[in-house]
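Q: Any chance you can model this:
(one chain, ligands or ions: 1)
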Amino acid sequence: MGDSRITKVVIVGGGTAGWMAAAALSRTMDHLSIRLVESDAIGTVGVGEATIPAIRLFNALIGIDENEFIRETGGTFKLGIRFHDWGRIGDTYMHAFGQIGRSLGMLPFQQYWLRGRNEGVAGRLGDYSLNETAAHANRFARLPRIPDTGLDGIAYAFHFDAALYATWLRKIAEAAGVERTEGKIAGVRRNGQSGRVEAVVLDNGTAIEGELFIDCSGFRALLIEGALETEFEDWTHWLPCDRAIAVPSENAGPARPYTQAIAHKAGWQWRIPLQHRTGNGHVFCSDFISEDEATATLLANVEGRPLADPRTLRFRTGMRAQAWNANVVALGLASGFLEPLESTSIHLIQNGIARLLAHFPGRDFDAANIDAYNRRVRFDYERIRDFVILHYHANQRTDAPFWIRCREMGIPETLAQKIELFKGQGQIVRESDELFIEIGWFQVLTGQNIMPGGYHPMADQLTGDELAGFFADIETIVARTASHLPGHEEFIAQHCAAGVPA
Ligand SMILES: Cc1cc2nc3c(=O)[nH]c(=O)nc-3n(C[C@H](O)[C@H](O)[C@H](O)COP(=O)(O)OP(=O)(O)OC[C@H]3O[C@@H](n4cnc5c(N)ncnc54)[C@H](O)[C@@H]3O)c2cc1C
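A: Below you'll find the model as predicted:
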């Protein structure tokens, strides 16, 4: 058994993907010798600052102290994403993390809400969400449950500085034995018979050999595409945005505990609050707006003074036909890209790592194992893709050709089925371990103004008075709990302010 174990892993690239992989592998498999190669001259993509709650599982896997992590990365807490002008201009809604209200009997809360809405006894969906109520009030605390109520508490993720995050992960990985080589890879050596990668070769001629190669080289995809020519499935016809302009700015007010996603005429703008600055970016489709106009739109909508020149990032949405090919596993931007609307790229890195750990190969690189990995990664990508498309497709805007095109475009069958099912009785089926939970879909579907024609008949089991009481109780508890939480900035100042020693 000892002979078949892989011991030499080479990670190509030191962005978020490379250092996440290095930290996770070094913390979980002592017997591995791990070398990471990165080029300071090439640098990293430098964006990727909003996350979803599952990142806390990754933090637990690598065993870090959460307050220290936030301090070191200038981080803030994130309770969800607030969408502006997506369905129609003037609309706002929130995709808040966590559950809303509570289920009763076999029915989820949203089924009662649909009935209550019809009968005029239910308020805004967000009034029953502690996350949304706290977000609007700029409040935060770690509160897994609301005591003595049966209601979930706060579900949270983070915003952080991408460069500081990579530095922080590097510290963890190097402390766990990962060796780093600075240098530019100029070539790849492959085995003539098996086709597997044997070594990457730096521009000074040094060859770095390995058994398993993890391609984290970003959009360059040096190994998975450059060496192995693995096909890229293009999803631009469903997600047509292909560029982003990014600019950091001074904070113009208290850091909000949520990301903002503001729709513009041919795309949307993110606002990500950090402790020391705000990250801003305008994601757009270059068929409908020039870079100059996109930059001007961004700068006109940045709240504080810009801290650097705006820079352009170009991308193509889609995924590798095989994220794992031969002895190369691609993670991060090398494996595919879904635009950042629901902050899922770092999550896909984390998922790729978790799946790699579950399917960690032997030296024979068993084809069945590789196929199983690729199937699971595809499932992860496709379900998230559908969720992101929903935001674009389900719009009623008539002011701009981009939005009309998004509304009229074809959509994947899997998404079409989900919408059709929902339109009947508001049902949502979460398949297998797909990422977004039912209430997440519900918030976006209704936020984009898709309302079901009916609701599940079991919601009629409550009398009208019981239904009204059910809503009133939850709303009261949520409002009272939120009002007792500390301010978001106050919480950070107390527990995890950047620059404050541990
Ligand atoms: C506009 C935009 C916004 C985004 N926002 C979010 C977000 O809010 N949330 C989120 O989860 N994700 C977001 N992402 C995605 C996120 O940025 C990436 O998933 C994440 O940063 C991982 O990038 P990476 O490590 O794969 O690539 P990179 O950061 O590009 O790193 C590539 C590494 O490979 C090295 N390299 C490349 N070529 C060579 C070579 N020849 N020799 C040696 N080294 C080499 C580079 O030096 C670098 O270290 C966003 C992406 C974009 C484009």
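Q: I'd like to know which elements whatever helix or strand residue 77 lives in is packed against.
A: Assigned by DSSP states H and E, residue 77 belongs to strand 76-78. Using 3 or more Cβ pairs under 8 Å, 6 or more residues apart in numbering; DSSP states H and E, the elements in contact with strand 76-78 are strand 157-159, helix 488-495. Yep, even glycine has a C-beta here, placed from its N, CA and C like the rest.
Q: C-terminal to it, which secondary structure element comes first?
A: Going down the chain from strand 76-78, the next helix or strand is strand 80-84, by DSSP H and E.
Q: In contact with residue 11, which residues?
A: For residue 11, the contact set (Cβ atoms under 8 Å, 6 or more residues apart in numbering) comprises 18, 21-22, 34-37, 213-214, 216.
Q: for residue 345, same thing?
A: Taking Cβ under 8 Å, 6+ apart, we find residue 345 in contact with 48, 332-333, 337-338.
Q: quick one: it and residue 382, what's the gap?
A: Going from residue 345 to residue 382 by Cβ to Cβ, to the nearest Å gives 15 Å.
Q: Which residues are in contact with the closest residue to residue 139 other than its chain neighbours?
A: In space, and not counting its chain neighbours, residue 139 is closest to residue 485: 3.9 Å by Cβ to Cβ, 6 or more residues apart in numbering. Residue 485 makes contact with 134, 137, 139-141, 143, 154, according to Cβ under 8 Å, 6+ apart.
Q: do that again at 6 Å, thanks
A: Taking Cβ atoms under 6 Å, 6 or more residues apart in numbering, we find residue 485 in contact with 134, 139, 141.
Q: Mean neighbour count, the helices and strands packed on strand 76-78: which tops it?
A: When those are scored by mean count of other Cβ atoms under 10 Å, the highest mean neighbour count falls to strand 157-159 (a mean of 25).
Q: tell me the contacts of residue 394?
A: Residue 394 neighbours (Cβ under 6 Å, 6+ apart): 448, 450.
Q: Report the separation between it and residue 448.
A: Distance of residue 394 to residue 448, given as Cβ to Cβ: 4 Å.
Q: Buried ones in stretch 35-50, by neighbour count?
A: Neighbour-count burial for stretch 35-50, counted by 16 or more other Cβ atoms under 10 Å, picks out 35-39, 44-50.
Q: okay, residue 481: pLDDT?
A: For residue 481, the pLDDT comes out at 98.
Q: Quick check: closest non-adjacent residue to it.
A: residue 146 (5.2 Å).
Q: Output the contacts of residue 345 in JSON lines, with distance to residue 76, pLDDT and secondary structure appended to each entry.
A: Formatted as JSON lines, the contacts of residue 345 follow (distance: Cβ to Cβ, whole Å; pLDDT from 0 to 100; DSSP: H, G, I helix; E, B strand; the rest coil):
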{"residue": "48", "distance to residue 76": "15", "pLDDT": "89", "secondary structure": "coil"}
{"residue": "332", "distance to residue 76": "23", "pLDDT": "98", "secondary structure": "helix"}
{"residue": "333", "distance to residue 76": "24", "pLDDT": "98", "secondary structure": "helix"}
{"residue": "337", "distance to residue 76": "25", "pLDDT": "97", "secondary structure": "strand"}
{"residue": "338", "distance to residue 76": "23", "pLDDT": "96", "secondary structure": "coil"}
